[in-house]
Structure formats: structure tokens, C-alpha cells
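In: What shape does this take:
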Amino acid sequence: MEWTIVTVLIAIVGFVIAVSTPLIKNTRAMTELTVILSTVSEQIKKMEMENAAEHKDFQEQLDEHDDKIADHETRLTVIEKTGHHLAEQKTH
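Out: Purely as a prediction, here's the structure:
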């Protein structure tokens, strides 16, 4: 009878070890993945902020170029009109 109890106890301990070892490894792996995911999430947020700042800079540069182009268009129009009148005056 005593050997039966010892055998059952050894079987229970073996079962607990067999079940707990993969669970512990899984828990450790899940913890590592959680940390990695958190880090990646922070990096993505940082990149999005940097990207937004770059887009703002690009938009400001585009606005400046739009203003310069509009100014050049106005100047060209004035030159064309003035030049056209000057050409007419030379022929008369």
C-alpha cells in the first residue's frame, strides 16, 4: 500500500512538472512579445509624429513655391502686356 501512494505522488509531481514547464515557457514568451509589441508601438507613434512634421514642412515649402509662382506669373503678365505695347509703339 505504501508503494502505491509513493507511485501516485511521483505520478502527480511528474504530471505537474510536465504541464507547468510548457506553461512557464509560454508565459515567458508572451511577456517578451508584449514588451516587443509595446516597443514597436512606441516607435510607430514616434515615426508618425516625425512624418507629420515632415509633411508640415513640405506643405510650407509648397505654399512658398505657390506664392513665388503666382508672383512670377503676375510679373510675366505685366512684362507681356508692357512688351506688347512697346512693340506696337516701335512700329508706329
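
In: going forward, measure contacts between C-alpha atoms and count neighbours the same way
Out: Will do.

In: which residues of this structure fall in strands?
Out: Using DSSP state E, the chain contains no strands.

In: give me the low-pLDDT residue ranges for the protein?
Out: Applying pLDDT under 70 to the chain picks out residues 1, 84-92.

In: switch to 90 and redo it
Out: Across the chain, residues meeting the criterion (pLDDT under 90) sit at 1-3, 5-6, 78-92.

In: any chance you could map the helices in it?
Out: Per DSSP state H, the chain carries helices over the ranges 2-91.

In: can you tell me how far K68 sits from A18?
Out: Applying Cα to Cα, to the nearest Å, the value for K68 to A18 is 75 Å.

In: Then T82?
Out: Taking Cα to Cα, one finds T82 at 95 Å from A18.

In: Equivalent analysis for V35, please.
Out: To A18, V35 is 27 Å away according to Cα to Cα.

In: ok, now R75?
Out: 85 Å.

In: next one: Q59
Out: Taking Cα to Cα, one finds Q59 at 61 Å from A18.

In: Same question for D71.
Out: Counting by Cα to Cα, the gap from D71 to A18 is 79 Å.

In: now swap in I36 and tell me
Out: With distances taken as Cα to Cα, I36 is found 28 Å from A18.

In: Repeat that for T4.
Out: Distance of T4 to A18, given as Cα to Cα: 21 Å.

In: what's the burial count for N51?
Out: For N51, the neighbour count with other Cα atoms under 10 Å is 12.

In: Number the residues from 151 up from this point.
Out: In the new count, where the first residue is 151, that last one comes out as N201.

In: List the residues that contact it.
Out: Counting by Cα atoms under 8 Å, 6 or more residues apart in numbering, N201 touches no other residue.
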